[in-house]
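Peer 1: What follows is a predicted protein model with its sequence.
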Amino acid sequence: MNTLLVVNSSPRSNSVSRRLTRHISEDWLAKKPDGRIVERDLASGSLPFLTEAWIVATTTPADKRTSEQRKTLTLSDALIEELQMADLIVLGVPMHNFAVPASLKAWIDLVTRAGKTFSYGETGPKGLLPSTKNVLVVVTRGGVYGAGSPADFQIPYLRHMLNFIGLKDITIIEADKQSLGGDAAQQSVDRAIEKIAALSVENCPANLAVSA
């Protein structure tokens with residue numbers, strides 16, 4: 001069964017990033033009615049920050065963990081399993097203070113685990129998630145940030161961390177100028193939708209087939 005994982009991190013219920021991820025989900029399900037959508041909403045505040053107990057649990061061999069340590073890792077295990085099972089991963093990411101929302105950083109910390117999603121060897125770090133797994137990242141911004149902008153800690157960070165755990169097939173959909181409002185903001189959203197639509201036409205993998 002095809003599985004779509006949608007991770008939203010905007011604290012606003014009808015944000016641009018949520019509208020765009022919803023657009024993708026609805027079109028994907030229309031074309032794959034037998035598919036399964038797993039939604040992970042990070043705005044609920046349910047994700048904890050890393051603790052000493054969590055770190056100790058992750059560095060303890062699995063066969064030597066106590067029941068309490070296994071319980072400590074339950075959420076992290078579930079989040080990683082969602083990534084492993086997904087054919088397509090969609091991230092909705094508004095820019096917060098030039099970077100990603102704190103809730104998404106917490107999610108990334110919980111899924112970046114040695115022995116689970118990455119390992120270190122003689123040649124350095126190796127991502128353990130399949131590099132062929134498709135990731136679509138919807139980023140929204142109030143202003144405009146060109147490639148290599150020193151104020152953009154959003155896209156470079158996301159690319160680095162996704163690559164680090166093995167995810168290499170990444171498509172970025174940007175909707176900027178949202179703080180300008182009016183036509184400028186709407187035109188940016190329209191361009192984002194057009195780019196999403198183009199993915200279903202131009203050598204897009206079968207598990208990402210969406211339309212405008």
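Peer 2: The structure has been received and is ready for your questions.
Peer 1: Next one: the residue most central in space within the chain from residue 38, what distance?
Peer 2: In the chain, the residue lying closest to the centroid (CA atoms, centre = their mean) is residue 91, at 3.4 Å. Separation of residue 91 from residue 38 (CB to CB, to the nearest Å): 13 Å. Yep, even glycine has a C-beta here, placed from its N, CA and C like the rest.
Peer 1: could you point out which element follows the helix or strand that contains residue 82?
Peer 2: Secondary structure assignment for residue 82, by DSSP states H and E: helix 74-85. Next along the chain after helix 74-85, taking DSSP H and E as the criterion, comes strand 88-94.
Peer 1: Between helix 74-85 and that next one, find me the angle.
Peer 2: Orientation check (axes from the mean of the first three to the mean of the last three CA atoms, to 10 degrees): strand 88-94 against helix 74-85 gives 120 degrees.
Peer 1: Tell me the strands beside strand 88-94, with direction?
Peer 2: When pairing is defined by DSSP bridges, strand 88-94 lines up against strand 3-8 (parallel), strand 134-140 (parallel).
Peer 1: Tell me how far the residue lying farthest from the centre of the chain lies from residue 151.
Peer 2: The centre of the chain is farthest from one residue, residue 64, which by CA atoms, centre = their mean lies 31.6 Å away. Per CB to CB, residue 64 is found 45 Å from residue 151.
Peer 1: Can I get the helix ranked longest in the chain as CSV, trimmed to CA atoms?
Peer 2: Of all the segments assigned as helix in the chain under DSSP state H, the longest by residue count is helix 182-199. Taking Å, rounded to 0.1, in the frame of the first residue of the first chain, the C-alpha atoms of helix 182-199 are listed here in CSV:
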residue,chain,number,x,y,z
GLY,A,182,-2.3,41.0,-1.4
ASP,A,183,-1.3,40.0,-4.9
ALA,A,184,2.4,39.5,-4.2
ALA,A,185,1.6,36.8,-1.6
GLN,A,186,-1.1,35.2,-3.6
GLN,A,187,1.0,35.0,-6.7
SER,A,188,3.7,33.3,-4.8
VAL,A,189,1.2,30.7,-3.6
ASP,A,190,0.0,30.3,-7.1
ARG,A,191,3.5,29.6,-8.4
ALA,A,192,4.0,27.0,-5.6
ILE,A,193,0.8,25.2,-6.8
GLU,A,194,2.1,25.4,-10.4
LYS,A,195,5.4,23.8,-9.3
ILE,A,196,3.5,21.1,-7.5
ALA,A,197,1.4,20.4,-10.6
ALA,A,198,4.5,20.2,-12.8
LEU,A,199,5.8,17.4,-10.6
